[in-house]
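>>> predicted model follows, preceded by the sequence.
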Amino acid sequence: MESIGRRCRRAPALGLALGLALLLVTALAAPSAWALGERQFVRFEAGAQSVVLAGQGRAAPLLVDPFEHAGVRRAVADLQGDIALVTGARPALGQAAGSADNVVIVGTLGKSALIDRLAAEGKIDAAALRGKWEGYLIQVVPNPMPGVARALVVAGSDKRGAIYGVYTLSEQIGVSPWKWWADVVPARRATLAVAAGTKISDAPVVQYRGIFLNDEAPALTSWAKEKYGGFNHRFYEKVFELILRMRGNYLWPAMWLPSAFYADDAENGRLADEMGIIMGTSHHEPMMRAHAEWSRFGKGPWDYSKNAPALQDFWRDGLRATRDYERVITLGMRGDGDEPMSEHDNVDLLQKIVSDQRAIIERETGKASGEVPQMWALYKEVQGYYERGMRVPDDVLLLWCDDNWGNIRRLPTAAERRRAGGAGVYYHFDYVGGPRSYKWLNVTPIPKIWEQMHLAWQHDAKRMWIVNVGDLKPMEVPIEFFLNYAWNPAAWPAERLPEYLRLWAAREFGPEHASEIAGLVEGYTRFNGRRKPEQLEPGTYDVVHYDEAGRVEREYAALAERARKVAARLRPEQRDAFFQLVQYPVAASANMNALYVAAGMNRHYATQFRSTTNDMAARVRALYQEDARLAQQYHALGGGKWKHMMSQTRFGYTGWDSPLRNVLPAVQEIDVPAAAEMGVAVEGGARASGAWGVSGLTLPELDELSKKPRYLDIFNRGRAPFDFRIEASQPWVVLSEVKGKVSGERRVTVDVRWDEVPPDAPPAVLTVVGANGARVKVDVPLRRAAPLAAANAKGFVETDGVVSIEAGHFARAVAPEGRSWLTIPGHGRTLSGVTTLPVAAPAQDLGQGMRLEYDVNLLRSGAVAVQVTLAPTLKFLPGAGFRYAVSIDDEAPQVVNVHADESESHWAKIVSDGAAVFTTQHRVNAPGRHVLKFWALDPGLVVQKLVIDAGGLKPSYLGPPESPRL
């Protein structure tokens, strides 16, 4: 029997069906821990002929050959501790079992005499291992050796394969990879057993799967210095184990000045190799030398055209210091400090650098250069060298890069996929640079990662996936998903993405709260993906139109309240982990958004001279202090275990770089007179009564179809309170209150009892009477549903002069044979995204007719604009820009090239907004029913939202809420 992951690689559709069926069975059996996406094979009660790992206070011995790899022996020792942690029974660890009913045998094929004997006797399926990179087999074997009734055998095709098998077993018994790094406490179990007949085998799809510790000051640097004295082997031992528990194998170490992995501690490299971590150096640190080492050991300028001999000596020393270790050597060269080389440097110079580096590799290793793993990172301007004709030998891995904002810049063409060295992707969850650095919290939703790395997988960029994780700690959720997806992308089709977070939450906190916790993580990452916290400003979300700022604040506040309630229901020993992984990012993000909304309201209120202007200023200050309190709470966890981890500055950005200290956003305060003075403002209106000569106001239209209430604010411009009353001209108007007292402000909702409104009723008028007898009239316009019913309306209906549609809510999806539409849940600023499959298919023309259709109802004829919101996909293949088309009814579709604007300013806007918005102009000949069509031309685009502007579209960040749908 194979794992779900192996099935999925062979037949994705069948794998999905079988995987979901097995997961359903597993859910019914109610286990609360498993390796994410894998079949649960450890049970918490023993069946007939099961291998009992632990039960009745005893644990099965763990057997490992004394000549086994040290890294495997270390992993088995971790398993010994994990079993004791879960059951209270610590298994013996040795090489002989004596007489026993149950044992666990661990080893590497070709290294362990125990494993080789079982293979020779045909007792384990060695064919599932031979020739595999990092493959493992977990199999129940009866009578494995004299005196032993049954064994659970964990065998690896190589060292890391055996290690992954061991850590998979640890995860199956309920131990999270984050048990140390996030203080996740496993559930206690009396019994651990594996059923007779169990056989699991697996191996990775992506060869090198790793993380990059980068931009690590002040948080990780300060923490490591305080806890370990710096980035030494005691620190890296924890990092290496974490990577291996997540079935990763590759690391670019911390490298901000003055860190140098090999020079800082000679044990770093030795320990990495012993434990099974393949080391590399970052995109701008060639030949196994850290950037910081040049300032310590280099001589002369970092300029190959002027100082080649010194640089060659420097690089030789890097190869010599790491000659005994498993590594992937970075080729190439950038300017000093990860900057471009000078304007005068050219392709010929870089070509010579690479050629000379490969010659050094051959001389220092004694091997043909093609036999030594090498990588060339096409980062920033280096990709331009490639596009202008620079090439490296085919055995060199081409590491394509994203734009530092999670959007892949380039993927292999069909011809490039035939290169022996293959291709990979360097991705980012953290970045220091323009348009603004983002380092504080997780801001990358899993659906975004899935969509971009799915592109990489389908374009055969699967030799190496590495991701910049910043300080590591805030990025726990996306790191694990990235590495899990790299192990087997086919196991995680888009349809399973919501399930991933539920499985993760069940493993970390148990099944009881898993769905709620998954919703919290999905919610805060999607909200942070709308606009990174460091980019928030008082005017990011509109304080006037669509109640946008208020809705955003309420959505976040609801998440924070839900997180608080979940925390209260968890066991006390689970709360530290929950605070780190869920509650802090939710609460801190909610707090920051509330702060900037309050700052925006403060400025808006000042323009209306509301007395509450100063209250909003005070609220900004209070929320600023709450941010500090939340960070202090984080730093106090576990007696200060994670002190410094949330010390990254996040307030006060004025450019791309982080400020030295947090800075309170500017607020306004006004003089408030003693005497009361009434002001009235209506929903969606920037102006208020009593200012600029405004005497009459009009509410937005109340619509019988949506039945959405409207509101007006009655506020005070003075300190003395005043009484108010509201007189309605029609009896069917419903007010949340008709009289009261205003000290600061009161919000009154306005609704209608539609069943009481006569067919020919005129608009209602409200008269607000307040301080000193002031009277303000407010018109209440209506829109009846009867005309729509008479017109046989169907689909989305225009309200407030717009039709707003979530892309996933199409009426019809039309696709030719071999193509299909895919909805990616959560991949959008407001709901989801829709893309085409296969993503590596050729471009289409309009004649193939692949389109999404949306039924809409417009209230007027004439000119309209269609606004389409897409994910900020870059032109990841050479050639013309990617295209889509839009039409209404049977008009000729208008083709839009989404990459026509290649300016830096356009790129900065779309990555900051997390979306690219394009507008086309159209004309409808009559009001009533119409069909809006979105045509797919080039694959790789993701449509998220469509808005028809019939003259009523107002400025906002997210666009209008979705329109009513009949």
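That came through fine.
>>> name the element Phe578 belongs to?
Element membership for Phe578, per DSSP states H and E: helix 575-578.
>>> after that helix comes which helix or strand?
helix 584-608.
>>> before we move on, back to that, which residues touch the helix holding Phe578?
Here helix 575-578 makes contact (C-beta atoms under 8 Å, 6 or more residues apart in numbering) with 178, 182-185, 508-509, 517, 566-567, 570, 637-638. (Glycine included, C-beta is placed from N, CA and C.)
>>> measure how far it is from the centre of its chain, please.
In this view, helix 575-578 has its centroid 21 Å away from the chain centroid, taken as C-alpha atoms, centre = their mean, to the nearest Å.
>>> separation between the closest residue to Gly156 other than its chain neighbours and Arg150?
Sequence neighbours aside, Ala162 is the residue nearest to Gly156 in space, at 2.8 Å (criterion: C-beta to C-beta, 6 or more residues apart in numbering). According to C-beta to C-beta, to the nearest Å, Ala162 and Arg150 sit 20 Å apart.
>>> more neighbours: these two, which one.
A side-by-side neighbour count of Ala162 and Arg150, using other C-beta atoms under 10 Å, places Ala162 first with 34 against 21.
>>> check which helix or strand the more buried one maps to.
Here Ala162, judged by DSSP H and E, is contained in helix 159-172.
>>> for Pro144, same thing?
Assigned by DSSP H and E, Pro144 falls in strand 136-145.
>>> again, but for Trp907
Using DSSP H and E, Trp907 falls in helix 904-913.
>>> where along the stretch 151-300 of the chain do the helices fall?
159-172, 219-228, 233-245, 261-264, 266-275, 291-297 (DSSP state H, counting those that start in this stretch).
>>> packing partners of the shortest one?
Contact analysis of helix 261-264 by 3 or more C-beta pairs under 8 Å, 6 or more residues apart in numbering; DSSP states H and E lists helix 266-275, helix 291-297 as its packing neighbours.
>>> for that helix, output the C-alpha coordinates as PDB.
The C-alpha coordinates for helix 261-264 follow below in PDB (Å, rounded to 0.1, in the frame of the first residue of the first chain):
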ATOM      1  CA  PHE A 261      28.100  30.500   8.800                       C
ATOM      2  CA  TYR A 262      31.500  28.700   8.400                       C
ATOM      3  CA  ALA A 263      33.800  31.400   9.800                       C
ATOM      4  CA  ASP A 264      31.700  32.100  12.900                       C
END
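>>> wait, Ile479 touches Phe429, no?
Yes. Using C-beta atoms under 8 Å, Ile479 is in contact with Phe429, at 7.4 Å.
>>> run through who's touching the following helix or strand past the helix holding Trp907.
Sequence order places strand 916-924 as the next helix or strand after helix 904-913, per DSSP H and E. Residues outside strand 916-924 that contact it (C-beta under 8 Å, 6+ apart): 858, 861-873, 886-889, 891, 894, 896, 898, 910, 930, 949.
>>> and the residue nearest to Gly156, what pLDDT?
Ala162 is assigned a predicted lDDT (pLDDT) of 98.
>>> low-confidence ranges, the stretch 1-150 of the chain, go.
The stretch 1-150 of the chain contains residues with pLDDT under 70 at 1-35, 97-98.
>>> where do the helices sit along it?
Using DSSP H, counting those that start in this stretch, helices in the stretch 1-150 of the chain cover 4-10, 12-29, 70-87, 113-120.
>>> give me the three-state assignment for Val803.
Of the three states, Val803 takes strand under DSSP: H, G, I helix; E, B strand; the rest coil.
>>> with adjacent residues omitted, what lies nearest to it?
Ile948 (4.1 Å).
>>> and the one you found, that's in a helix?
No. Going by three-state DSSP, the assignment for Ile948 is strand, not a helix.
>>> so how far is Leu852 from it?
Taken as C-beta to C-beta, the span from Ile948 to Leu852 is 14 Å.
>>> against Gly421, how distant is Arg289?
For Arg289, the distance to Gly421 - C-beta to C-beta - is 22 Å.
>>> which one's more surrounded, those two?
Counted by other C-beta under 10 Å, Arg289 and Gly421 do not tie: Arg289 has more neighbours, with 26 against 19.
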